[in-house]
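*Asks:* Need a 3D model of the sequence below.
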Amino acid sequence: MFETLGNFFRFCDKENRGKFYGSIVVGIVTSFFMALRIAAVAVMLRGVIGTALDGAAFETSTIWLSLAIMCVSLIGTIVTKKITNMWQCEGGYRTCANKRIEIAEHLRYLPMGYFNANSLGDITSVTTNTMEAVGDVATRAIMLVLQGILDTVLIIVMIAFFDWRIALVALGGFALFELVNLFMRVAVRSVSAQKIKDDTEEIGKVLEFIQGIAEVKAYNLAGRRQSELNQVIAHRIKTLIKMEMHCIPVANLQSLVAKLSGVAIMLTSIYLFLNGSMLLADCAVMLVCSFMLFNALEAGGNYSALLRTIDLGVHKASAILALPTMDIDGADMQPASCDIEAKSVSFAYDKKKIIDGVSLKIPAKTTTAIVGPSGGGKTTFCHLLARFWDVDSGTVTLGGKNVQEYSMDSLMQNYSFVFQNVYLFHDTIANNIRFGNPDASMEKVIAAAKKACCHNFISALPNGYETVIGEGGANLSGGERQRISIARAIMKDSPVIILDEATANVDPENERDLMNAVAELTREKTVIMIAHRLKTVRNADQIIVIDKGHIAEQGKHEELVAQGGIYARFIDSRKEAVSWKL
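*Replies:* Next up is the predicted model:
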């Protein structure tokens with residue numbers, strides 16, 4: 001248990017760890033105030049029983065003294081519990097928020113291979129279920145367990161002032177309770193790991209079902225996919241029930257131990273009174289103590305079953321934060337020019353080589369088109385140029401300096417991207433456009449939208465630029481999403497533009513506007529484009545044909561057509577596709 005507590009406190013950042021440590025200190029004070037109730041009861045019982053046995057008059061000062069001690073106990077408990085709860089809640093929720101931000105920042109600098117190897121469900125589970133457990137369940141469970149132990153220990157110490165023999169009985173009951181509690185934590189150890197796994201799988205399946213709902217409907221797979229999702233949910237329910245079934249018998253045994261320990265204190269107190277070694281008043285006090293001794297311990301003990309789950313969750317989040325990031329500690333600097341050069345660049349996904357010894361120069365303010373068969377490495381090569389990945393061998397330079405010499409943030413300031421699959425956030429159109437420049441005024445937003453040829457359709461929406469679009473831009477057409485993405489890139493105004501199939505899925509009605517937007521975006525920029533459309537690539541300053549990780553051909557349109565190679569066949573197939581009629 002204490003190992004779990006140590007892991008949890010180390011997981012918290014310094015400020016919030018201090019709140020938890022402070023709450024423990026205040027919790028000790030709370031336990032002291034709780035233990036004062038025994039003193040209040042003892043004063044009253046000794047006063048009542050003592051005067052009754054002696055035949056003396058009962059003094060009202062005894063009532064006032066007992067009442068004063070009880071008031072101190074009550075007020076002190078209320079105040080300290082409020083402080084403890086506030087610090088625990090603040091520490092828990094802020095730890096949760098800070099760790100979510102820290103994980104998000106860490107993910108920014110992980111190699112893209114991490115996202116290929118791990119599903120969205122894995123990542124989402126950590127930032128939702130795991131952090132929720134840390135922020136809420138972990139805080140309450142850990143602090144209740146600690147508070148239960150503190151309360152019990154201090155009450156036992158208070159009992160020792162009255163009779164050390166009863167304190168020993170109470171201590172034995174406490175030790176037996178903790179032994180049973182250890183069995184509970186062991187019992188849920190394997191189930192806890194399965195629970196974490198099921199949580200992750202459930203989130204992954206839900207996301208997969210929602211994201212693929214169009215395909216599910218189109219191929220009439222709703223029943224089968226729904227069945228798969230239901231099976232995952234049903235399996236998680238079984239795991240949760242299994243966890244409860246592991247916990248309930250041990251929890252009942254814990255409760256029985258606590259109750260029997262109270263009975264043992266009562267019987268021992270009565271026995272000691274009957275043999276004349278304990279005063280009647282002290283016996284009465286011990287009888288009262290037997291009912292209140294293990295209350296807090298029982299409450300905390302029932303939560304202790306969650307400690308293993310919390311420990312696994314903290315380990316899972318810590319594992320992400322421990323992943324080695326790309327070297328992002330370069331210098332904050334701007335390149336002298338936007339010349340880009342790849343020198344003998346090679347790269348592999350695991351053991352599969354994707355780019356093999358590619359060398360290429362891209363002069364500033366020129367347009368380079370990259371074409372080639374699907375799977376040949378075009379997108380991967382562009383990602384290497386922008387340092388989405390680090391090359392396995394060779395170098396990529398920007399302005400004559402290795403891209404690894406730049407800090408990641410200063411490097412990214414030089415690149416804007418327009419991808420084939422555009423992602424828009426569940427926010428206003430204006431905020432989506434100013435994503436790369438959050439402080440931009442509305443005038444600049446509108447100016448960028450006009451250049452991207454999307455001002456007219458935005459203005460026609462019910463709330464104009466303040467229209468909130470669905471997650472991913474689901475309530476906009478593909479061409480509209482693409483033009484908003486271009487407006488976002490125009491707003492960023494980076495000197496290097498990478499277009500990855502930016503016009504591949506655009507309908508004819510939007511194509512002219514989109515091409516005008518692209519022309520506005522790329523004016524006086526260094527442009528690298530992956531494209532399949534003839535009109536997009538034929539005017540490029542240089543055309544690169546990548547096939548099987550190598551540069552198969554390189555030159556201008558006319559030169560490559562004359563060679564009669566891959567590019568010429570590509571052009572012929574495009575012409576046939578355009579001329580084909582029904």
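*Asks:* use CA for all of it now, contacts and neighbours both
*Replies:* Noted.
*Asks:* Test for you: state the pLDDT assigned to S344.
*Replies:* As predicted, S344 sits at a pLDDT of 91.
*Asks:* The closest residue to it other than its chain neighbours and K351: what is the separation?
*Replies:* For S344, ignoring the flanking residues on the chain, the nearest one in space by C-alpha to C-alpha, 6 or more residues apart in numbering is G357 at 4.2 Å. Applying C-alpha to C-alpha, to the nearest Å, the value for G357 to K351 is 15 Å.
*Asks:* before we move on, the earlier item: do I have it right that the residue nearest to S344 meets V345?
*Replies:* Yes - counting by C-alpha atoms under 8 Å, G357 touches V345, with 4.8 Å between them.
*Asks:* Quick check: which element contains the residue nearest to S344?
*Replies:* strand 352-362 (DSSP states H and E).
*Asks:* same thing with F347?
*Replies:* F347 belongs to strand 340-349, assigned by DSSP H and E.
*Asks:* which neighbours does that strand have in its sheet, and in what orientation?
*Replies:* strand 352-362 (antiparallel), strand 393-398 (antiparallel) (DSSP bridges).
*Asks:* So for the shortest one, mean pLDDT?
*Replies:* The average pLDDT within strand 393-398 is 90.
*Asks:* Can you tell me what sits against that strand?
*Replies:* 335, 337-347, 357, 384-385, 402-403 (C-alpha atoms under 8 Å, 6 or more residues apart in numbering).
*Asks:* Show me which of G357 and V345 is the more surrounded one.
*Replies:* V345 (22 against 15; other C-alpha atoms under 10 Å).
*Asks:* could you list every residue that touches that one?
*Replies:* 355-359, 391-396.
*Asks:* Can you tell me the number of residues neighbouring the residue nearest to it when sequence neighbours are not counted?
*Replies:* Nearest residue to V345 in three dimensions, chain neighbours excluded: G394, at 4.3 Å (C-alpha to C-alpha, 6+ apart). Neighbour count of G394, defined by other C-alpha under 10 Å: 16.
*Asks:* Would you mind listing the buried residues in stretch 94-112?
*Replies:* 94-100, 103, 106-107, 109-112 (16 or more other C-alpha atoms under 10 Å).
*Asks:* Which of those residues fall in helices?
*Replies:* 94-100, 103, 106-107 (DSSP state H).
*Asks:* would TSV of the residues you listed with pLDDT and distance to A319 be doable?
*Replies:* As requested, these are arranged in TSV below (pLDDT from 0 to 100; distance: C-alpha to C-alpha, whole Å):
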residue	pLDDT	distance to A319
R94	84	20
T95	81	16
C96	80	16
A97	82	18
N98	84	16
K99	83	12
R100	83	14
I103	83	10
H106	81	11
L107	80	12
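*Asks:* mind checking which helix or strand of the protein has the lowest mean pLDDT?
*Replies:* Using mean pLDDT, DSSP states H and E, helix 213-218 stands out as the lowest-scoring helix or strand of the chain, at a mean of 60.
*Asks:* Report the mean per-residue pLDDT for stretch 84-92.
*Replies:* For stretch 84-92, the per-residue pLDDT averages 82.
*Asks:* Confirm that R387 sits in a helix.
*Replies:* No - counting by DSSP: H, G, I helix; E, B strand; the rest coil, R387 is not found in a helix; it is coil.
*Asks:* could you measure it against K401, distance?
*Replies:* The value you get for R387 to K401, if C-alpha to C-alpha is used, is 13 Å.
*Asks:* Next: S485.
*Replies:* S485 is 29 Å from K401, by C-alpha to C-alpha.
*Asks:* And those two? Which one has more around it.
*Replies:* Between S485 and K401, counted using other C-alpha under 10 Å, the more crowded position is S485 (25 against 17).
*Asks:* which residues does the more buried one contact?
*Replies:* Here S485 is in contact with 418, 422, 424, 433 (C-alpha under 8 Å, 6+ apart).
*Asks:* That one: helix or strand, and which one exactly?
*Replies:* Per DSSP H and E: helix 478-492 holds S485.
*Asks:* Check V191 and give its pLDDT.
*Replies:* pLDDT, V191: 72.
*Asks:* pLDDT wise, what is the nearest residue in space to it that is not next to it in sequence at?
*Replies:* Nearest non-adjacent residue to V191, counting by C-alpha to C-alpha, 6+ apart: M243, 6.0 Å away. The model reports M243 with a pLDDT of 76.
*Asks:* Give the next helix or strand downstream of whichever strand or helix holds M243.
*Replies:* If you go by DSSP H and E, M243 is part of helix 222-274. Downstream of helix 222-274, the next assigned helix or strand under DSSP H and E is helix 280-292.
*Asks:* Could I get the average pLDDT for stretch 49-65?
*Replies:* 72.
*Asks:* Can you get me the start-to-end distance on it?
*Replies:* Terminal-residue distance, stretch 49-65 (C-alpha to C-alpha): 16 Å.
*Asks:* re earlier: please point out which parts of the strand holding F347 sit buried.
*Replies:* Per 16+ other C-alpha under 10 Å, strand 340-349 contains these buried residues: 340-342, 344-347.
*Asks:* Kindly report the same for stretch 238-258.
*Replies:* Applying 16+ other C-alpha under 10 Å to stretch 238-258 flags 239-240, 243, 246-247, 250-251, 253-255, 257-258 as buried.
*Asks:* ok, so of the residues you listed, who is nearest I530?
*Replies:* T239 (47.8 Å; C-alpha to C-alpha).
*Asks:* For the closest one, which residues are in contact?
*Replies:* 191, 194-195, 198.
*Asks:* any low-confidence regions in the stretch 51-200 of the chain?
*Replies:* For the stretch 51-200 of the chain, the stretches with pLDDT under 70 are 51-58, 112-121, 136-139, 187-190.
*Asks:* mind redoing it with 50?
*Replies:* Judged against pLDDT under 50, the stretch 51-200 of the chain has no low-scoring part.
*Asks:* can you give me the helices for it?
*Replies:* Applying DSSP state H, counting those that start in this stretch to the stretch 51-200 of the chain gives helices spanning 60-108, 113-117, 120-125, 131-132, 139-162, 164-187, 189-211.
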